[in-house]
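A.B. asks: fold the stuff below for me.
(2 chains)
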Amino acid sequence: MAMRMPAAGMVAAIAAVVGAAVGGGIAALEAAVRPWRAGDFAVNAIDAVGPRPVCEVPDTLFAFGTVAVGGKGSHEFVIRNTGDAPLELTKGATSCSCTVSDFEESEGGSSNAKVIAPGGSTVLKVQWRGKGEGGAFRQQATVLTNDPRRPRVAFVVEGTVVPSVAAEPPSLAFPRLSAGSGERATVKLFTFGDEPPRVESVGIESAESKAGRCITLTSAPLDAAEVAGRQGATGGVAINVELLPGLPIGPLRQTIRVVLRTPEEVTIDLPLEGSVLGDLAVTGRAWDSTNQAVLLGAVSGRVGVQEELFITAKGPHRAEVKPVVREVVPESLQITVGEARPVGNGAVIRIPIMLTIPPGSPPANHICSPQAPAGRIVLETGHPDSPTFTIPLCVAIGQ
Amino acid sequence: MTHAPAASFRLIMATAVTALVVWVGVVCTGMARPRTAAAQPPGGVPAISGGAAAGATGIPDRGPGVSDEVVATFRDRNGGVFEGWGKPRAVVVITGELDGYIEPCGCTGKENQKGGLSRRRNLLKAIEGAGWPLVSIDLGGQVKRFGRQSEVKFQSIADGLRTMGYAAVGFGPGDLRLPAEELVAAVAPVGDQPTPFVSANVGLLGLDANITPRFRIIEAGGVRLGIASVLGDAEAAQVRNDAIEVAGAERALQSVAAELRQAGCSHQVLLAWATPEESRALAAKFPQFDVVVTAGGADEPPAELPRLSGGARLVELGHKGMFAVAVGLFADPARPVQSQRVPLDARWGEAEDMIRLLGTYQGQLESLGLEGLGLAHARHPSGRRFAGSAACAECHAHAYEVWKDTPHATALATLEEQKPRRDGDPECLSCHVVGWVPQRFEPFEGGFAGMKATPHLAHQGCENCHGPAAAHTAVERGDVRASVQERDRLRAELAMSLATPEGKQQAVNNCLQCHDLDNSPQFDFDTYWPQVEHPTPESEKQASAGN
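C.D. replies: Numbering: from 1, shown residues only, chains lettered A, B, ... in the order given. Now for the predicted structure:
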């Protein structure tokens, strides 16, 4: 072995030199013959020899401007074969809103494929339809080719789909409604036709329900400045929504139905959703909203743990909320109530609550199981409708 | 006898070593030639060890175990990825505008759809596997709808983004329509891992609560990347959430931009959930950002990133999380940045941890149930209740026989067979059972409420097109006494005809409630109808007339 290692090393060294020479030669040859293209990957060696097709497309992007929802458009892209071998084209994938017309059948071709002789050309007709709710539109159709430099060509059409009516916002969501106080909101309906819109009717789908009776709707034309704020709009209507106090606790799911004449009759359904909750809520990273409990999990009694929660208060009595700790389980749990601060415009008050299980706490099991029921933090709130507020707590304090 | 094999072994080994070293020499010399990253041919990219999900070229072009054939199919269909890329100093993968599409957009032939967290996960793993230093960031807009399901979904997506190691995630207006209490719990740090959520001007429970940082600085591959996120003023005006404070975008960015300038970042990215016009304006006011990501673009991002007048590259992401955009940062001063639009198609395969996450999400929906999800039971416009398809079969035997052999008759089973199963997901159920409002994902009164309570309303049955038939069947069975006129009126209510343009349009509109652009993009009534057509035979008409 001792004799063979130097020999092996010599073989390797010679091989490396040979390899370097061969590699360098190949690299130099490549550098000489390959027309490197900036911004794209390089051509394959196959390009260098023999007749080959060359796929040339003057344009791969067509900007159509605008199209109405449901309206159709089309554009013909030109494909040329400037090579010296037949260019084979096959229809590839298209986006959902685009279609590509069949190729004219040619010799050796089909509706999905076409062969272009050297020097020849063809057109690819791409059609699209303005679908959806309007807005920016970009779709593409692809053609696969046997040109090794351009095996796939993507033809892109882009523009703007203009709806007959656009709602801003398209739905109303009230994340946390207070049963005791009202809310207001406005939806702007913009139109894009020649005539100003006329409101035929505005109503709530379930007007006879308890929630429906707490919702009032009015409409008014948008002024010129508001209409000008929406690109392309020619008219508009404001739908004013007022939620009256007295909404039932629980989820709110209603639909506002507006019938406009533009002059065609257009029906717009605007979802109105929300949650009507009590005025007090808890949050924080340890808050599990599904189980409505603070999850501290297993805690070492030797090390302890600290976790910050927030109580949020809204509604007409929010300023009166001043939590005072009345009871805690487990007993080692320490609670510090921080300073109440208004959030944003002051409609919500934020009160930090620091939970501390100090080092040296004795074992206790309140992990929220049948054998180990939840611990709790009971607060006196100062809120006239919710004078006490109990926060369940899942924790097991070990040794 | 014993020496010959040993000699052969040595000969084979010597030949192999020689071949290997020659190959190394060739490759190394090839690598040593003057080059730019752009000029590097795909085949010339050095093989990268550890690239379990990378193709033969070492380029991250597929998920683990995905065959060359699948990669070729989707390369032809949606374009290649990272072709011509050398190894970047770092690559920033940008996602966003998921719009709630936690799985590939739509349900018709998942392999034909794009998007989903699972494929995104494999893209990121493939990039890491190729040895490219990676920074993943997200514009925001995880959900678009409101309600308990969206809250649970947001939490699941936030967990998924953490698992994927996202460095920065912004907020979209759909996210901020959720209760702030839910958002705080979802975005808060987990253990020692800081929250990836970041915003210069959005403050959950107030800007001074500091629930999320205002910007983030990340180092990867020697690149020091500053990332800011902002909600545009026009979008902020749409957010009605008293427990969330939103400051003006420009004002908030002024202080963040100053801090980023002082932090010595080599590159800066702005995640702007704003209209393209507002994003362009912000880019012009804060030219220090090299990349500005905007919302409000078209369905698909452009193939190339446009350069703004100030030099920044503008990134659009498309909708529904169907694409990611990768921005590669290179040492080559001639071409320091390259970009790649990455379609998240079937070439990326499925990631086990994201599939588990989806399973947990579906399990949560199942355990919450329809009531726990707060789904309202809307009254059907007719005011009537549902009977189930089997009740129709008592008289309409021919139609039932036709229906029984269509996919409509096993629609719910397709959800049960999914992994994870989707039969507890209202967004799926609404088109796979009888008696739901398809586009609102909620049941009508008396509609399907689970296999235990309403097994007769499973699958996509007769009454979803014809209307609720409980009153009709009760009269026809004689369970309820009714005049001939009332009986005929109930029959007429459920009859459908394609003979008139209005009748056909009504039928088409009904189909489009489920066969929509997401779930049935190729739907064409005239093509599909013959597959489910079920005209009433003369014998049934005569029997009906005789009663």
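A.B. asks: what is the burial count for residue B:287?
C.D. replies: Per other C-beta atoms under 10 Å in any protein chain shown, the neighbour tally for residue B:287 reads 15. Placement of C-beta: from N, CA and C, glycine included.
A.B. asks: surely it is in a strand?
C.D. replies: No: with DSSP: H, G, I helix; E, B strand; the rest coil as the criterion, residue B:287 is coil rather than part of a strand.
A.B. asks: check contacts around the residue of the stretch 201-350 of chain A found nearest chain B.
C.D. replies: Residue of the stretch 201-350 of chain A nearest chain B, by C-beta to the nearest C-beta: residue A:285 (2.9 Å). Residue A:285 makes contacts with A:307, A:308, B:184, B:185, B:188, B:189, B:190, as judged by C-beta atoms under 8 Å, 6 or more residues apart in numbering or on different chains.
A.B. asks: enumerate the residues of the stretch 401-547 of chain B near chain A.
C.D. replies: Within the stretch 401-547 of chain B, the positions adjacent to chain A are B:440, B:442, B:517, B:521 by C-beta under 8 Å from any C-beta of the partner chain.
A.B. asks: the first one touches residue A:273, doesn't it?
C.D. replies: No: judged on C-beta atoms under 8 Å, residue B:440 makes no contact with residue A:273 at a distance of 10.0 Å.
A.B. asks: low-confidence ranges, chain B, go.
C.D. replies: Regions of chain B meeting the criterion pLDDT under 70 cover residues B:1-57, B:105-109, B:545-547.
A.B. asks: listing partners with orientation, what would you give for the strand ranked longest in it?
C.D. replies: Ranked by residue count under DSSP state E, the longest strand found in chain B is strand B:223-231. Looking at strand B:223-231 with DSSP bridges, its partner strands are strand B:215-220 (antiparallel), strand B:267-273 (parallel).
A.B. asks: please identify the buried residues of that strand?
C.D. replies: Neighbour-count burial for strand B:223-231, counted by 16 or more other C-beta atoms under 10 Å in any protein chain shown, picks out B:223, B:225, B:226, B:227, B:228, B:229, B:230, B:231.
A.B. asks: same check on stretch B:366-380?
C.D. replies: Under the neighbour-count criterion of 16+ other C-beta under 10 Å, stretch B:366-380 has B:366, B:368, B:370, B:373, B:374, B:375, B:376, B:377, B:378, B:380 buried.
A.B. asks: for the fourth one, what are its contacts?
C.D. replies: So the one you mean is residue B:373. Contacts of residue B:373 by C-beta under 8 Å, 6+ apart are B:147, B:148, B:149, B:365, B:426.
A.B. asks: repeat for the third one
C.D. replies: For residue B:370, the contacting residues are B:426, B:443, B:449, B:450, by C-beta under 8 Å, 6+ apart.
A.B. asks: which element, helix or strand, includes it?
C.D. replies: Residue B:370 belongs to helix B:352-372 when assigned by DSSP states H and E.
A.B. asks: give the next helix or strand downstream of that helix.
C.D. replies: That would be, after helix B:352-372 and using DSSP H and E, helix B:389-393.
A.B. asks: mind listing what's buried in the following helix or strand past that following helix?
C.D. replies: Using DSSP H and E, the next helix or strand after helix B:389-393 towards the C-terminus is helix B:397-404. Across helix B:397-404, burial judged by 16+ other C-beta under 10 Å covers B:399, B:400, B:402, B:403.
A.B. asks: ok, and the closest non-adjacent residue to the third one?
C.D. replies: Spatially, and ignoring its direct neighbours in sequence, residue B:402 is nearest to residue B:534 (4.0 Å; C-beta to C-beta, 6 or more residues apart in numbering or on different chains).
A.B. asks: repeat for residue A:190
C.D. replies: residue A:233 (4.0 Å).
A.B. asks: the one you found is in contact with residue A:167, isn't it?
C.D. replies: No: when contacts are counted by C-beta under 8 Å, residue A:233 is not listed as touching residue A:167 (11.8 Å).
A.B. asks: who touches both of the two?
C.D. replies: residue A:190.
A.B. asks: sorry, back to before: just the residues of the stretch 401-547 of chain B next to chain A now: which is nearest chain A?
C.D. replies: Among these, and counting by C-beta to the nearest C-beta, the member closest to chain A is residue B:521, at 4.2 Å.
A.B. asks: what is the neighbour count of the closest one?
C.D. replies: The burial count for residue B:521: 19, using other C-beta under 10 Å.
A.B. asks: again, but for residue B:176
C.D. replies: 26.
A.B. asks: before we move on, what about residue B:501?
C.D. replies: 8.
A.B. asks: on that earlier part again, give me phi/psi at the residue of the stretch 201-350 of chain A closest to chain B?
C.D. replies: With angles defined as degrees, to the nearest 10, residue A:285 sits at phi -70, psi -20.
A.B. asks: so how far is residue A:331 from it?
C.D. replies: 24 Å (C-beta to C-beta, to the nearest Å).
A.B. asks: returning to that earlier point: ok, the residue nearest to residue A:190 - contacts?
C.D. replies: Counted by C-beta under 8 Å, 6+ apart, residue A:233 has contacts A:166, A:190, A:191, A:192, A:227.
A.B. asks: dump the helix holding residue B:370 to PDB, restricted to CA.
C.D. replies: Presented in PDB, the C-alpha positions along helix B:352-372 are these (Å, rounded to 0.1, in the frame of the first residue of the first chain):
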ATOM      1  CA  GLU B 352     -45.500  16.200   4.700                       C
ATOM      2  CA  ASP B 353     -45.400  18.900   7.400                       C
ATOM      3  CA  MET B 354     -47.800  21.100   5.500                       C
ATOM      4  CA  ILE B 355     -50.100  18.200   4.800                       C
ATOM      5  CA  ARG B 356     -50.200  17.600   8.600                       C
ATOM      6  CA  LEU B 357     -50.900  21.200   9.200                       C
ATOM      7  CA  LEU B 358     -53.800  21.100   6.700                       C
ATOM      8  CA  GLY B 359     -55.000  18.000   8.500                       C
ATOM      9  CA  THR B 360     -55.000  19.800  11.800                       C
ATOM     10  CA  TYR B 361     -56.900  22.700  10.200                       C
ATOM     11  CA  GLN B 362     -59.500  20.300   8.800                       C
ATOM     12  CA  GLY B 363     -59.700  18.700  12.300                       C
ATOM     13  CA  GLN B 364     -60.400  22.000  13.900                       C
ATOM     14  CA  LEU B 365     -63.200  22.700  11.500                       C
ATOM     15  CA  GLU B 366     -64.600  19.300  12.100                       C
ATOM     16  CA  SER B 367     -64.500  19.700  15.900                       C
ATOM     17  CA  LEU B 368     -66.000  23.200  15.800                       C
ATOM     18  CA  GLY B 369     -68.800  22.000  13.600                       C
ATOM     19  CA  LEU B 370     -71.200  24.200  11.700                       C
ATOM     20  CA  GLU B 371     -72.500  25.800  14.800                       C
ATOM     21  CA  GLY B 372     -69.100  26.500  16.200                       C
END
